[in-house]
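Peer 1: sequence isn't available, so here's the structure alone:
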C-alpha cells in the first residue's frame, strides 16, 4: 500500500496490507473514531498496537499516512463491490437492494474505519483529500449508473443529483447512531433503506 | 450562556450571546469546520477574532466551551422552530415540507456551525456529549411526533426508528457536500428531500 500512499492516485484501491499493517490500521481507526484524528498521538498508536513507536515507524511513514489508508481502503472495497453488483445484476430493483445491503453491512462491520472515513477527511492534505473525495464520487457514480439504467428501463423517475447525495447520506451518516449489536441488524437496515430509495425513485 | 455551559442541561436553549461572543462563535466555528476542533488553538481564535488571547478569555472559559456552545445553539434553534411548526401546522404533509425546508435552510445558512455540530461531538466531555445527543434526540422526537400524527390520520405508514434516523441523516450529512452558493438553493433541496420523506412514509 505504501507506494500508492506516497503518490495518492484517485480511485485506485490500495494493494493488500500485511497482517501487522492491518492490525495497525484497525487500532488506529478505533482510536481516531473514539477521540478524533488530531486527538491521538503516534505514541498512543504504538502503545495500543504493542509495537512501540520505533517498530510502528517501520510499518508507517506518518500518522496521516494511516488516516489516508483508512479513508481509502473501505471506500475502494465499496467501489469494487458496487461494480461487481452492477456487472452481475441487471434488474434495477434487485440491484438497488444489493447495493443497499452491501453498503450498510460494510459500514456496520467496519464502523470505526467508516467513522474516520466520513468524519476526518478535513485532516488530510489537500492532494489526498481530493483523492478521497474522488473515491466518494466514484462510489456515487455506481449508484447513479444503476438509477440511470432503471430510468432507461422505464422503472425509475429522474432525480436531481442532490437527492442522490441525500439518499447516500442516509447511509453514510449512520456511523453516528448505528449499533452493530443493536436489535436491527445491518442487512435489515439495508433492506429498509433500499425501500426508501426505491420509493424515492420508482415511477 | 455561561451558566448553562458549566452545568449543561439537555434541551435547554442557551441564553442570548453578546455581539462579541456571537462573533467569537462564528470565527471559531469556521476554524473548527475547516481544520477540526483539535487542530485549532485558542491563540488562533484570538488572532482571527482580532481580540487576542487575553481579551478572548474575558469572553470564554475554554475552547471546549466554544465547541459546546456551537454544537447546542443551532440544534436548540432547530428544536424551537420544529416545535413552532408542530403547533402551527396540523396537516402532516405540509408539516413535513415545513420541517424539511427549515432544517435544510438552517444547515445551509450556518454551514460551519452545523459541520462542527455533526462532526465534532466526540471532542466534548462525556457529560456535554450526552447533553448534545439529548438535543439531537429532542429534535428527532419532533419528526417522530409529526410522523405519528400522520399515522393517526391514516396518511402515513409506520416506519422503524432506524428509517427515521436514516431520513434525518439525509439532511445532516449534507454538511459534507452542500454548497450554499450552488445552483440549487437550500429551500429547493428541502422541498426535494421532503418529497423523499413523504414517498417513504405515505400509505
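Peer 2: Cool, got the structure. What you are looking at is a predicted structure, and each value in this text was computed from that prediction instead of being measured.

Peer 1: ok, and the closest non-adjacent residue to residue A:103?
Peer 2: residue A:171 (5.1 Å; CB to CB, 6 or more residues apart in numbering or on different chains). For every residue, glycine as well, the C-beta is placed using N, CA and C.

Peer 1: average pLDDT for whichever strand or helix holds the one you found?
Peer 2: Assigned by DSSP states H and E, residue A:171 falls within helix A:161-172. In this model, helix A:161-172 has an average pLDDT of 96.

Peer 1: can you pull out the residues in contact with that helix?
Peer 2: A:100, A:103-104, A:107, A:114, A:118, A:139-140, A:143-144, A:147, A:193, A:196-197, A:200, B:166-167, B:169-174, B:176-177, B:184, B:189, B:192-193, B:196 (CB atoms under 8 Å, 6 or more residues apart in numbering or on different chains).

Peer 1: show me the contacts for the most centrally placed residue in chain A.
Peer 2: Nearest to the mean C-alpha position of chain A, by CA atoms, centre = their mean, lies residue A:75 at 3.5 Å. By CB under 8 Å, 6+ apart, residue A:75 lies in contact with A:117, A:132, A:135-136, A:139.

Peer 1: who wins on neighbours among these?
Peer 2: residue A:117 (27 neighbours; other CB atoms under 10 Å in any protein chain shown).

Peer 1: excluding covalently adjacent residues, which one is nearest to that one?
Peer 2: residue A:71 (4.6 Å).

Peer 1: pull the number of nearby residues for residue A:24.
Peer 2: Count around residue A:24 with other CB under 10 Å applied: 23.

Peer 1: swap in the one 4 residues further on?
Peer 2: Burial measure for residue A:28: 28 neighbouring residues, criterion other CB under 10 Å.

Peer 1: distance of it from chain B?
Peer 2: Distance of residue A:28 to chain B, given as CB to the nearest CB, to the nearest Å: 15 Å.

Peer 1: hmm, that residue is touching residue A:68, no?
Peer 2: No: using CB atoms under 8 Å, residue A:28 makes no contact with residue A:68, being 11.2 Å away.

Peer 1: my guess is residue A:159 is in a helix, correct?
Peer 2: No: assignment of residue A:159 by DSSP: H, G, I helix; E, B strand; the rest coil gives coil, placing it outside any helix.

Peer 1: ok, it - contacts?
Peer 2: A:147, A:200-201, B:192.

Peer 1: I'd like these written out as CSV, with neighbour count and secondary structure added.
Peer 2: Conversion of the contacts of residue A:159 to CSV gives the following (neighbours: other CB atoms under 10 Å in any protein chain shown; DSSP: H, G, I helix; E, B strand; the rest coil):
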residue, neighbour count, secondary structure
A:147, 24, helix
A:200, 25, helix
A:201, 24, helix
B:192, 18, helix
